[in-house]
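In: Sequence first, predicted coordinates after that:
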Amino acid sequence: MTQRKIYTLLLICMSLFNAFAQVENEVAPPFNIKSVAFVQNENVTIPIFRLGEPFQLEFDDVYGNEADYYFTITQYNYDWTPTDLGKAEYMRGIDNQRIINYKNSFNTLQIYSHYTQSFPNKFNQILLTGNYMLKIFNSSQELVFSRKFIIYEDRVPVAVQVKRSRDLEIIDHMQNLYFTISTVNYLLQNPIQNVKIALFQNGRLDNGIYNIKPQYTIGNELIYRHEKETRFWGGNEFLNFENKDIRAVANNVAHVSAGDLYNSHLYMNASRKKNSYTYYPDINGSFMPNNINAEDNNIEADYAWVYFILNTNTFMDKNDIYIGGMFNNFAHTPEYKMDYNAEKGLYEKALLIKQGFTNYQYEIVDKNGKVDFENAVDGNYWQTENNYFVIVYYRGNNDRYDRVIGKGIATSTNITN
């Protein structure tokens, strides 16, 4: 067989592999792993980082037995299928390293070990932009959980505007994104085909909008002014509770009881979908561990059983209701599914959550795991304050991976018609 034929066969095999490559999804952690978060400047943050910028992954193990955990970093394509690059091409050093920075909780009823892994570190450094997955394994090399993150460079500026929908049927319920990508300082080959876009609401990577082509181009600008393809349901402001003083009633905590751990019983929530919009300040789904008497919240903030009650005025026999926020990465696992109390006609659930200030919301999820944003428990309003992210990917004609060359941010507080 000639060298040319061998090369052709290799290309065909690679094409077939890519065509049938599986999309990688995040794996939710087990019950004992809590408060998983990407952290930057000591604050929980959206996992979108500039290349070379320091950040950390932190989490608690409520077994508190100082278990050994290991991490790996893997690059992915725009659509979260495996990349063609070898690990040595996108990362300096080696991974599958043990997380050596951990501390045990101090002066808490719930014992736990708090783990922190910083990036970059002495073992490895990410060299290229793109989509990445951080996987955490136990000492038996079993996957415990995984989290997505994105590394970008500011090569092209992205101007973003949040607009009301022009569709009169949903004008009061959806928010639309107009944006422009300027390529004047960065030469792109065939940008109509080679530039790809991902849109995220509040940095939530599980409900992004993909595969949007520019509506038209003017000079060195790619213009996106679609009316249907780039819109999100507005949702409502996140609900919250605060139990930084774990023994006292506070913001939305109706009463406190004590047992092996403290129990924070929240006021009952009722569906807000039929109400008029009310401004309700939130932190867009995030959470802030906080013990009012602590010096180090990482290890001195305690855990409490938080009791949620929801009145939807109906039982959803074909769908389930989950409690979600950044505190659990909006996971739809049995741990976070609410139970229907037929005698009371209410949905109930108790969750083990680290004390502090926590945003949360109720999500309607079908049996296939799809969230029904349109019929959200708390409704959809065009006035809702949301943050939006536009991520720009580019793969040149001879490139073997999707690089991330720009990021645009906008908030709906500046929404216009």
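Out: Done, it's in.
In: Enumerate every residue touching Lys87.
Out: By Cβ atoms under 8 Å, 6 or more residues apart in numbering, the contact set of Lys87 is Thr74, Gln75, Asp95. No exception for glycine: its C-beta is placed from N, CA and C like everyone else's.
In: Kindly report the same for Glu242.
Out: Neighbours of Glu242 in contact, by Cβ under 8 Å, 6+ apart: Ala250, Asn251, Asn252, Val253, Gly356, Phe357, Thr358.
In: Among the residues you listed, which lie within strands?
Out: Val253, Gly356, Phe357, Thr358 (DSSP state E).
In: and the nearest residue to Thr108 once chain neighbours are set aside, how many residues sit next to it?
Out: Leaving aside its sequence neighbours, Thr108 sits nearest to Asp302 (Cβ to Cβ, 6 or more residues apart in numbering; 4.2 Å). The tally of other residues near Asp302 (other Cβ atoms under 10 Å) stands at 21.
In: For Asp302, give me phi and psi.
Out: Note on Asp302: backbone dihedrals following degrees, to the nearest 10 are phi -90, psi 170.
In: which residues does it contact?
Out: Contacts of Asp302 by Cβ under 8 Å, 6+ apart are Ser105, Thr108, Leu109, Gln110, Ile246, Leu261, Tyr262, Asn291, Lys354, Gln355.
In: before we move on, the earlier item: among the contacts of Glu242, name the buried ones.
Out: Buried members of the contacts of Glu242, scored by 16 or more other Cβ atoms under 10 Å, are Val253, Gly356, Phe357, Thr358.
In: Just want the most central residue of the protein.
Out: The chain has Arg204 as the residue nearest its centroid, 3.7 Å off, counting by Cα atoms, centre = their mean.
In: pLDDT wise, what is that residue at?
Out: Here, the pLDDT recorded for Arg204 equals 93.
In: In this structure it contacts Ser286, no?
Out: No: taking Cβ atoms under 8 Å as the definition, Arg204 is not a contact partner of Ser286, at 10.9 Å.
In: residue boundaries of the strands in the stretch 101-250 of the chain?
Out: 102-104, 113-119, 124-126, 130-138, 143-152, 158-164, 174-182, 195-201, 209-210, 216-218, 221-224, 231-233, 239-242 (DSSP state E, counting those that start in this stretch).
In: For the second one, which residues meet the burial criterion?
Out: Within strand 113-119, the residues that qualify as buried by neighbour count (16+ other Cβ under 10 Å) are Ser113, His114, Tyr115, Gln117, Phe119.
In: OK, contacts around the third one?
Out: In this structure, Tyr115 makes contact with Glu58, Phe59, Asp60, Asp61, Tyr69, Ile99, Asn101, Tyr102, judged by Cβ under 8 Å, 6+ apart.
In: Which residues are in contact with the nearest residue to it once chain neighbours are set aside?
Out: Nearest non-adjacent residue to Tyr115, counting by Cβ to Cβ, 6+ apart: Tyr102, 4.5 Å away. Contact analysis of Tyr102 by Cβ under 8 Å, 6+ apart lists Glu66, Ser113, His114, Tyr115, Thr116.
In: can we see that at 7 Å?
Out: Applying Cβ atoms under 7 Å, 6 or more residues apart in numbering, one finds that Tyr102 lies in contact with Glu66, Ser113, His114, Tyr115.
In: Just give me the closest of the residues you listed to Thr413.
Out: Checking these against Thr413 by Cβ to Cβ gives His114 as the nearest, at 34.5 Å.
In: from what I can see the closest one touches Glu300, true?
Out: No: between His114 and Glu300 there is no contact under Cβ atoms under 7 Å: 9.9 Å.
In: wait, Pro82 sits on Tyr76?
Out: Yes: with contact defined as Cβ under 7 Å, Pro82 counts as touching Tyr76 (6.4 Å).
In: When these two are compared, which one has more neighbours?
Out: Tyr76 (20 against 16).
In: The more buried one pairs with what?
Out: Under the criterion DSSP bridges, Tyr76 forms beta bridges with Pro82, Asn131.
In: Which strand or helix spans the residue lying closest to Val377 once chain neighbours are set aside?
Out: Spatial nearest neighbour of Val377, excluding adjacent residues (Cβ to Cβ, 6+ apart): Tyr362 at 4.2 Å. Assessed by DSSP states H and E, Tyr362 sits inside strand 356-366.
In: Packing partners of that strand?
Out: Applying 3 or more Cβ pairs under 7 Å, 6 or more residues apart in numbering; DSSP states H and E, one finds that strand 356-366 contacts strand 239-242, strand 287-289, strand 319-324.
In: for the helix or strand following it, packing partners?
Out: Using DSSP H and E, the helix or strand that follows strand 356-366 towards the C-terminus is strand 387-394. Counting contacts by 3+ Cβ pairs under 7 Å, 6+ apart, strand 387-394 is packed against strand 158-164, strand 174-182, strand 195-201, strand 403-411.
In: Now do the phi/psi pair for Lys87.
Out: Torsion angles, degrees, to the nearest 10, at Lys87: phi -60, psi -30.
In: And for Phe327?
Out: phi -60, psi -30.
In: who touches stretch 257-264?
Out: By Cβ under 7 Å, 6+ apart, stretch 257-264 touches 109-110, 241, 243, 246-247, 253, 256, 265, 303-307.
In: Repeat the analysis, applying 8 Å as the threshold.
Out: So stretch 257-264 is contacted by 109-110, 241, 243, 246-247, 253, 256, 265, 302-307, 350, 352 (Cβ under 8 Å, 6+ apart).
In: can you give me how far that stretch is from the chain middle?
Out: Offset of stretch 257-264 from its chain centre (Cα atoms, centre = their mean, to the nearest Å): 30 Å.
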